[in-house]
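K.L.:
pasting the structure only:
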């Protein structure tokens, strides 16, 4: 199983990343540093969230060399048929940016991708993994749209076994899955619903790491105590609730969230041992 992480998506400076990384250094969780990229911003175009998405030439400025950090590009596209060339283009962009800035090895590197897409073709992901010799982690976001696609006429998205069936083809080609019905909007988790999904997913003994997201902040971190006390090595990610009224990243909110979430996760880890 890959290492669990505490995710923070939407940092604005490298100093912010490194300051948070030092907070969890030496703990059993990594910091997942989520850097947002879309098909639009990859091609130099603005999108609907200008405060969250860095310019393409600034993406690697947010990558950290800290040993506790996993630098992950969160990518979304409306052209899934050409996903592999798009991901390879991001890798090339990251290498080119490092070269232009005179950064030699060991420098800040891209560790992988979170795919904020609705059930990308598993064969496409397998092709990407083979072409890159399994160098990059893949986190598959299961957002509200992906959950709704698992519906049948007889079942709502609250039917966990349908999600388990759709996850099976990703076994061995996905490193993590992230249950994220909020999709970065800061909407709170329905704990009882997520519990049903986690129970079904853990029962299958998949090899990938499992994460949850949805409205996490200092104030909501303790809401997941029933989950992390029941399921081992859960990862978490936060985005929407770590921003101010102008949609700017709030270091104060991020620091408070990571401090509180660390307590929740470590307390629950000790509980599971006893």
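P.N.:
That came through, no problem. Computed from a predicted model, the values in this text were never measured in an experiment.

K.L.:
alpha carbons only for contacts and neighbour counts from here, please
P.N.:
Will do.

K.L.:
And the helices in the stretch 1-150 of the chain?
P.N.:
Taking DSSP state H, counting those that start in this stretch as the test, the helices found in the stretch 1-150 of the chain are 14-24, 39-42, 83-100, 122-131, 144-149.

K.L.:
and those as JSON lines, adding mean neighbour count?
P.N.:
Output for the helices of the stretch 1-150 of the chain, formatted as JSON lines (neighbours: other Cα atoms under 10 Å):
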{"stretch": "helix 14-24", "mean neighbour count": "17"}
{"stretch": "helix 39-42", "mean neighbour count": "18"}
{"stretch": "helix 83-100", "mean neighbour count": "16"}
{"stretch": "helix 122-131", "mean neighbour count": "16"}
{"stretch": "helix 144-149", "mean neighbour count": "18"}
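
K.L.:
Could you export these as TSV, including distance to residue 187 and mean pLDDT?
P.N.:
What follows is these, written out as TSV (distance: least, Cα to Cα, whole Å; pLDDT from 0 to 100):
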stretch	distance to residue 187	mean pLDDT
helix 14-24	23	96
helix 39-42	24	93
helix 83-100	28	83
helix 122-131	28	98
helix 144-149	11	77
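
K.L.:
Out of these, flag the one nearest residue 266.
P.N.:
Go through these one by one with Cα to Cα and the one that ends up closest to residue 266 is helix 14-24, at 11.0 Å.

K.L.:
For the protein, name the helix or strand with the lowest mean pLDDT.
P.N.:
helix 144-149 (a mean of 77; mean pLDDT, DSSP states H and E).

K.L.:
returning to what we had before: same list, the helices of the stretch 1-150 of the chain, but as a markdown table with distance to residue 164 please.
P.N.:
A markdown table is the format used below for these (distance: least, Cα to Cα, whole Å):
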| stretch | distance to residue 164 |
| --- | --- |
| helix 14-24 | 32 |
| helix 39-42 | 29 |
| helix 83-100 | 24 |
| helix 122-131 | 15 |
| helix 144-149 | 11 |
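
K.L.:
Can you say which of the ones you listed is nearest to residue 190?
P.N.:
helix 144-149 (12.3 Å).

K.L.:
continuing past that closest one, what's the next helix or strand?
P.N.:
Where DSSP states H and E defines the elements, the next helix or strand beyond helix 144-149 is helix 160-167.

K.L.:
how close does residue 24 get to residue 10?
P.N.:
Computed as Cα to Cα, to the nearest Å, the residue 24 to residue 10 distance reads 18 Å.

K.L.:
Same check on residue 181?
P.N.:
In terms of Cα to Cα, residue 181 sits 18 Å off from residue 10.

K.L.:
Equivalent analysis for residue 189, please.
P.N.:
In terms of Cα to Cα, residue 189 sits 20 Å off from residue 10.

K.L.:
neighbour count winner among these two?
P.N.:
Neighbour totals were compared for residue 189 and residue 10, and residue 10 leads with 26 against 20 (other Cα atoms under 10 Å).

K.L.:
which residues does the more buried one contact?
P.N.:
For residue 10, the contacting residues are 34-36, 52-53, 239, 249, by Cα atoms under 8 Å, 6 or more residues apart in numbering.

K.L.:
Distance to residue 126 for those - can I get that in TSV?
P.N.:
Compiled in TSV, the contacts of residue 10 are given as follows (distance: Cα to Cα, whole Å):
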residue	distance to residue 126
34	22
35	23
36	23
52	29
53	27
239	28
249	34
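
K.L.:
from those residues, which is closest to residue 82?
P.N.:
residue 36 (18.8 Å).

K.L.:
Does that closest one touch residue 51 like I think?
P.N.:
No: counting by Cα atoms under 8 Å, residue 36 stays clear of residue 51, with 10.3 Å between them.

K.L.:
more neighbours, these two?
P.N.:
The neighbour count for residue 36 versus residue 51, taken as other Cα under 10 Å, is higher for residue 36 (24 against 14).
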